[in-house]
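Novice: got a predicted structure plus its sequence, pasted below:
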Amino acid sequence: MAPVISVSGLSKTYASGFTSLNNVNLEIERGEIFALLGPNGAGKTTLISIICGIVNASSGKVAVGGHDIDGDYRAARALIGLVPQELHTDSFESVWATVSFSRGLFGKPKNPALIEKILKDLSLWDKKDAKIITLSGGMKRRVMIAKALSHEPQVLFLDEPTAGVDVELRKGMWDIVRELKAAGVTIILTTHYIEEAEEMADRVGVINKGEIVLVEDKAKLMAKLGGKRLSLHLQQRLDAVPEALAPYHLALSDDGWRLAYDYDTKGERTGITSLLGDLRTAGIRFVDLETKQSSLEDIFVSLVRQ
Ligand SMILES: Nc1ncnc2c1ncn2[C@@H]1O[C@H](COP(=O)(O)OP(=O)(O)OP(=O)(O)O)[C@@H](O)[C@H]1O
């Protein structure tokens, strides 16, 4: 199937001369949840803003549902719902008016039944007559999602949907995103909470300094790069790892009390048994040990460092 969004050779240099995107190529598949990860200033918002037609690209091409965002702006934009990072909407309007009005902006005929469904799905129905200013932060965020869904977009961009949202609401937001996916909406989210990407995404893209450094199926990424770490708490401090243990590439903590051994769970053998034997031979004893699966966060940090 043709990708719902296709970005090719996209670059952006701001008037200041700063290049925030450098030759970005990216395809988003229909119906997937795609998490775009990157440190502050990596270019995530710039990329989303260009796809949504808010910022002009310096060069490159973007098509949404096959419509070029320059040549066929209206058709491309009509397929997109955007929930921006900053929440801005008229504080003195009611929830109902805010969401209905937004649909009108896209030239779509009134559809009260649809607006009712969206508000109910987002648990906002009992607030439909409330003024935005009287809502909590989490409710306002849900109003922004309702607004973005009011014109029935095929693709929804969520720019840090859970920034500053408490744990419970965040989980609620994840449920909403899953329901949208089940309803056939393609979702692209940026997040600083990597566990969010780990929990939700079908695919993960990492952007750093304006360049896409990786795009991968999440499960494959974690299987490929996600190893395990065995951590040993020593009985006696070590100054250095003995030469005899060099083949294990052990990492000694700065304080000399911990040794760490990284191993691959999919390898034929982990090497743990021989490591423990060689530690004994070297006279190194430990009082405790633990193993930890590396998370998407570990993978992300090592990618961005590289
Ligand atoms: N209007 C502008 N003029 C000049 N530079 C800009 C402008 N907008 C953004 N930038 C710069 O482009 C870079 C990318 O910004 P962008 O907002 O896309 O990053 P981001 O990945 O969304 O970051 P964050 O995670 O902090 O939201 C930053 O260095 C930013 O300072």
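Specialist: Ah, there it is.
Novice: and stretch 96-104, what's buried?
Specialist: Across stretch 96-104, burial judged by 16 or more other CB atoms under 10 Å covers Trp96, Thr98, Val99, Ser100, Ser102, Arg103. (C-beta placed from N, C-alpha, C; glycine too.)
Novice: ok, stretch 188-204 next?
Specialist: By neighbour count on 16+ other CB under 10 Å, the buried set for stretch 188-204 is 188-191, 193-194, 196-201, 203-204.
Novice: any low-confidence regions in this protein?
Specialist: By pLDDT under 70, the weakly predicted segments of the chain are 164, 224-227, 265-267, 294-296, 298-299, 306.
Novice: up against the ligand, what does it have?
Specialist: Tyr14, Ser16, Phe18, Ser20, Gly38, Asn40, Gly41, Ala42, Gly43, Lys44, Thr45, Thr46 (CB under 6 Å from any ligand atom).
Novice: do that again at 5 Å, thanks
Specialist: Within reach of the ligand by CB under 5 Å from any ligand atom, the chain has these residues: Tyr14, Ser16, Phe18, Ser20, Asn40, Gly41, Ala42, Gly43, Lys44, Thr45, Thr46.
Novice: show me which of those residues are buried.
Specialist: Ser20, Ala42, Gly43, Lys44, Thr45, Thr46.
Novice: right, and Ser8 touches Gly60 too?
Specialist: Yes - the pair Ser8 / Gly60 is scored as a contact, 6.1 Å apart, by CB atoms under 8 Å.
Novice: quick check: which element contains the nearest residue to Ser49 once chain neighbours are set aside?
Specialist: The shortest distance from Ser49 to any non-neighbouring residue, by CB to CB, 6 or more residues apart in numbering, is to Val55 (4.0 Å). Applying DSSP states H and E as the criterion places Val55 outside every helix and strand.
Novice: Val55 and Thr13 touch, don't they?
Specialist: No - using CB under 8 Å, Val55 is not in contact with Thr13, being 11.6 Å away.
Novice: dihedrals phi and psi, Leu180?
Specialist: The phi/psi pair for Leu180 (degrees, to the nearest 10) reads phi -60, psi -40.
Novice: now do Ala146
Specialist: Per degrees, to the nearest 10, the backbone of Ala146 is at phi -60, psi -40.
Novice: if I look at it, how far off is Ser100?
Specialist: Distance of Ala146 to Ser100, given as CB to CB, to the nearest Å: 10 Å.
Novice: anything in contact with each of the two?
Specialist: Residues touching both Ala146 and Ser100 by CB atoms under 8 Å, 6 or more residues apart in numbering: Ile115.
Novice: any idea which residue is closest to the centre of the protein?
Specialist: The centre of the chain sits closest to Ala35, judged by CA atoms, centre = their mean, with a distance of 3.3 Å.
Novice: which residues touch that residue?
Specialist: Under the criterion of CB under 8 Å, 6+ apart, the neighbours of Ala35 are Ile188, Leu189, Thr190, Thr191, Glu196, Ala197, Met200, Ala201, Arg203, Val204, Gly205, Lys218.
Novice: the same query, at a cut-off of 6 Å, please.
Specialist: Residues counted as contacts of Ala35 (CB atoms under 6 Å, 6 or more residues apart in numbering) are Leu189, Ala197, Ala201, Val204.
Novice: and it, bridged to which residues?
Specialist: Applying DSSP bridges to Ala35 gives these bridge partners: Leu189, Val204.
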